[in-house]
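>>> let me see the structure of the following:
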Amino acid sequence: GGAFLNVDFAWPKGIARAKELNLASSGLADVVVTSYIREASELFDEDHQGRLFTVLRHPIKRLVSDYYYMQDAEWENLYSEDE
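Reported below is the predicted structural model:
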């Protein structure tokens, strides 16, 4: 078995928890995935630096994907049976 850390980076509260657990200095995480860049940057310091990278989808491919997704996504607020 290996060591693991369960932290939810989808919300600022989870990032704050990671900071309390000293995630950066623990060495347990190689990658942090979040859309809260500013909050996540507070996890790191001069001795435990992070690197930022971004993954982007082509805007037209994303638009087409969203269009087909919304055709079946009855649970979404923007869903419309008329279209």
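>>> would you map the helices across this protein?
12-20, 23-26, 37-41, 59-72 (DSSP state H).
>>> now these as CSV including distance to Phe4, mean neighbour count and mean pLDDT?
For every residue, glycine as well, the C-beta is placed using N, CA and C. Conversion of those to CSV gives the following (distance: least, CB to CB, whole Å; neighbours: other CB atoms under 10 Å; pLDDT from 0 to 100):
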stretch, distance to Phe4, mean neighbour count, mean pLDDT
helix 12-20, 13, 16, 94
helix 23-26, 11, 16, 89
helix 37-41, 19, 14, 94
helix 59-72, 32, 10, 90
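>>> closest to Phe53 out of those?
The stretch from those with the least distance to Phe53 (CB to CB) is helix 37-41; that distance is 11.1 Å.
>>> just to revisit the earlier point, I'd like the helices of the chain laid out as a markdown table, including distance to Arg51.
Converted to a markdown table, these look like this (distance: least, CB to CB, whole Å):
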| stretch | distance to Arg51 |
| --- | --- |
| helix 12-20 | 17 |
| helix 23-26 | 12 |
| helix 37-41 | 11 |
| helix 59-72 | 25 |
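>>> wait, which of those is closest to Leu52?
The minimum distance between Leu52 and those falls on helix 37-41, with 7.0 Å, by CB to CB.
>>> check the protein and tell me which residue is nearest its centre.
The structure's the chain has its C-alpha centroid closest to Thr34; by CA atoms, centre = their mean the separation is 2.5 Å.
>>> tell me how many other residues crowd the residue lying closest to that one once chain neighbours are set aside.
Closest residue in space to Thr34, ignoring its immediate chain neighbours: Phe9 at 3.9 Å, by CB to CB, 6 or more residues apart in numbering. Number of residues near Phe9 (other CB atoms under 10 Å) recorded here: 20.
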